[in-house]
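>>> One predicted model, sequence on top.
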Number of protein chains: 2
Amino acid sequence: MSGGACTGQKVEGNLVIIGGAEDQRDEKVILREVVRLAGGPSARIAVMTVAAEDQEAVGRQYREVFASLGAGGIDLVNIETRAGAFDERNVAMLAEATGIFFTGGDQLRITSLMGGTAAYRELHDAYRRGVVIAGTSAGAAAMSGTMIIEGGGRESPMNLATRMSPGMGLLEEVVIDQHFAQRGRIGRLMLAVAQNPYVLGIGIDEDTAIVVGARARFRVIGSGTVTVIDGGALTHSSVSEQELYRPVSILGVTVHVLAPGYGYDMASRRPIAQSNAPR
Amino acid sequence: MSGGACTGQKVEGNLVIIGGAEDQRDEKVILREVVRLAGGPSARIAVMTVAAEDQEAVGRQYREVFASLGAGGIDLVNIETRAGAFDERNVAMLAEATGIFFTGGDQLRITSLMGGTAAYRELHDAYRRGVVIAGTSAGAAAMSGTMIIEGGGRESPMNLATRMSPGMGLLEEVVIDQHFAQRGRIGRLMLAVAQNPYVLGIGIDEDTAIVVGARARFRVIGSGTVTVIDGGALTHSSVSEQELYRPVSILGVTVHVLAPGYGYDMASRRPIAQSNAPR
């Protein structure tokens, strides 16, 4: 991988990409891991609610759950406009954070409000320093170089019905999809991979996350599975021939379903069985 | 394939397996093909409503649509009990049919009411003679040697959450799932394949069908896609290790998405591109 996944300083992982609807009441396995990776009692977590419509309510909710998990400090970063993404106080909160958490909402709000701003540069600087960056749902989708912004669930892959857009680029050469099994999204992710089999499709179920660590490896945590769609052996697809919004053929894709404890090496494109998964 | 797919006399195809919700109002592409294969004006179609709860209403509906497509004769075969599956009039209708069509409903009604009866033997005899056998939804699921009777849609593959049962065995070495994209069923079909990668998983979308012809080949018709799950290269799954109802890992599955016009060779397990698909 050419992206940040290789450059993180921490071996344990500094990207936590969550498929949405993570448990916030019981074991809180995923959010607990975010806090742990960010430093536990010494963690300072910046909650980025930029994707959400009601930023205050979502911010309060995550402040509560991160506090319950013993995070040392929690800052709510409220960005409603592009001006807000240049606001010095907001940028300072990112500069001081040991963990930055993007909530759900609309991924296009994240990139259209933050792209190219001071906060955006600070986010990437923080990531390079090894600060833990986590995101759920829209916050997960926006992690990749190209992100899905729209596309049918529960339908056959229909030509170019999956709309994509430039993402935050924290993890390159992948396209991430969330609420994956729950919203029947394999068709749209297959289509994204067929459009350029160079990218790896990563479909993350609800209450499930990948923790990306050094050397472009990730491990799965949570209660569902992660589906990896590898188009490396794809022999033929009709995406460039077929009419718009008509079903397309996609032949010879390799699929791995990874349960919690399993991992994946994105550089070699190989799954990692349970006992060998990176911690 | 060791099953009936190899033994049909017709080259064009004598199994039509439909993913449910086939168009009955507009072009009726799939049902039109059923009538054509069964002989068009000289077709005599036996409509098997055994899977349905309200057999009369479903029978009337299909009588109307097959009549509108110019089928020469239409018999409604009403089997409500096992005694009905020994009824001479019912068996005679099967013996005279050039096409036998199974409606939707509950696939377990088909096999539990018909299995081992005179009607069941007549059905298999008819199939061997080259009579066209078609089925939609439950009628499609029941075609395979092992059929799925229950299992979550839109969820991660959960260990042994997919319940299976012996099917009618017209197409062996496969497991068929229907309403495939629409009900987000890839997880449960993946699980079925992982339980014995010898079987091929065939997921058929709504208003989409496979027409199985000679030499275990099929072609896709309709408006959606057919997803083939080939576990031949599967390297590892945790189905035999994992606890019940917990997510399982399934590594190294090959998946093909086939749009209408494409085909698949079940014997060699190879997709057939559009121009080469059997007619």
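Done, it's in. Residues are numbered from 1 along each chain as shown, chains lettered A, B, ... in the order given.
>>> Now do the residue in the stretch 1-150 of chain A positioned nearest to chain B against A:Gly59, distance only.
Residue nearest to chain B within the stretch 1-150 of chain A: A:Gly19 (10.0 Å; C-beta to the nearest C-beta). Quick note: C-beta positions are derived from backbone N, CA and C, even for glycine. Relative to A:Gly59, A:Gly19 is positioned 21 Å away (C-beta to C-beta, to the nearest Å).
>>> just A:Ile210 next, same as before
25 Å.
>>> mind checking the SS state of A:Gly252?
strand (DSSP: H, G, I helix; E, B strand; the rest coil).
>>> Name the nearest residue to it, ignoring sequence neighbours.
A:Thr235 (4.0 Å; C-beta to C-beta, 6 or more residues apart in numbering or on different chains).
>>> A:Ile79 now?
A:Val50 (4.4 Å).
>>> ok, back up a step: looking at A:Gly19 and A:Gly59, which one has more neighbours?
A:Gly19 (31 against 20; other C-beta atoms under 10 Å in any protein chain shown).
>>> show me what contacts the more buried one?
A:136-137, A:140, A:178-180, A:203-209, A:222, A:224, A:226 (C-beta atoms under 8 Å, 6 or more residues apart in numbering or on different chains).
>>> could you pick out which of those are near chain B?
A:205, A:208, A:224 (C-beta under 8 Å from any C-beta of the partner chain).
>>> Now for the last one, how many residues are close by?
What that stands for is A:Gly224. 27.
>>> how close does it get to A:Leu15?
For A:Gly224 relative to A:Leu15 (C-beta to C-beta), the value is 18 Å.
>>> need the helices for the stretch 151-279 of chain A, in chain order.
A:186-195 (DSSP state H, counting those that start in this stretch).
>>> so how far is the longest helix seen in chain A from its chain's centroid?
Longest helix in chain A, counting residues (DSSP state H): helix A:55-68. Put simply, helix A:55-68 sits 20 Å off its chain's centre (C-alpha atoms, centre = their mean, to the nearest Å).
>>> helices or strands up against that helix?
Counting by 3 or more C-beta pairs under 8 Å, 6 or more residues apart in numbering or on different chains; DSSP states H and E, the packing neighbours recorded for helix A:55-68 are helix A:29-38, strand A:44-48, strand A:73-77.
>>> Give me the buried positions along that helix.
By neighbour count on 16 or more other C-beta atoms under 10 Å in any protein chain shown, the buried set for helix A:55-68 is A:55, A:58-59, A:61-63, A:65-66.
>>> tell me which of those is nearest to A:Asp87?
A:Gln55 (13.9 Å; C-beta to C-beta).
>>> For the residue nearest to that closest one when sequence neighbours are not counted, the count of nearby residues, please.
The shortest distance from A:Gln55 to any non-neighbouring residue, by C-beta to C-beta, 6+ apart, is to A:Thr49 (4.0 Å). A:Thr49 has 27 neighbours, counted by other C-beta under 10 Å.
>>> What of the one 4 residues further on?
Burial of A:Glu53 is recorded as 10 neighbouring residues (other C-beta under 10 Å).
>>> Is it within a helix or a strand, and which one?
Using DSSP states H and E, A:Glu53 maps to neither a helix nor a strand.
>>> per-residue confidence for the residue nearest to A:Phe180 when sequence neighbours are not counted?
Leaving out its chain neighbours, the residue that sits closest to A:Phe180 by C-beta to C-beta, 6+ apart is A:Gly203, at 3.6 Å. pLDDT, A:Gly203: 98.
>>> got it, and A:Gln242?
86.
>>> what number of residues lie near it?
Neighbour tally, A:Gln242, other C-beta under 10 Å: 18.
>>> A:Ala161 is in contact with that one, correct?
No: checked against C-beta atoms under 8 Å, the pair A:Gln242 and A:Ala161 is beyond contact range at 11.0 Å.
>>> Quick check on A:Gly152: phi, psi?
Backbone torsions of A:Gly152, given as degrees, to the nearest 10, read phi -60, psi 140.
>>> quick one on the thing from earlier: the contacts of A:Gly19 in strands, which ones?
Among the contacts of A:Gly19, DSSP state E puts A:136, A:203-204, A:208-209, A:222, A:226 in strands.
>>> Buried ones among those?
By 16+ other C-beta under 10 Å, those give A:136, A:203-204, A:208-209, A:222, A:226 as buried.
>>> A:Phe101: which element?
Here A:Phe101 is assigned to strand A:99-102, by DSSP H and E.
>>> Now the element after that strand, going C-ward?
Counting by DSSP H and E, what follows strand A:99-102 is helix A:107-114.
>>> Name the residues of the following helix or strand past that following helix that are buried.
Of the helices and strands lying after helix A:107-114 in sequence (DSSP H and E), the nearest is helix A:118-129. Residues of helix A:118-129 classed as buried by neighbour count (16+ other C-beta under 10 Å): A:119-120, A:122-123, A:126-127.
>>> same question, stretch A:68-83
For stretch A:68-83, using 16+ other C-beta under 10 Å, the buried residues are A:69, A:71-79.
>>> Endpoint to endpoint, stretch A:68-83 covers what distance?
32 Å (C-alpha to C-alpha, to the nearest Å).
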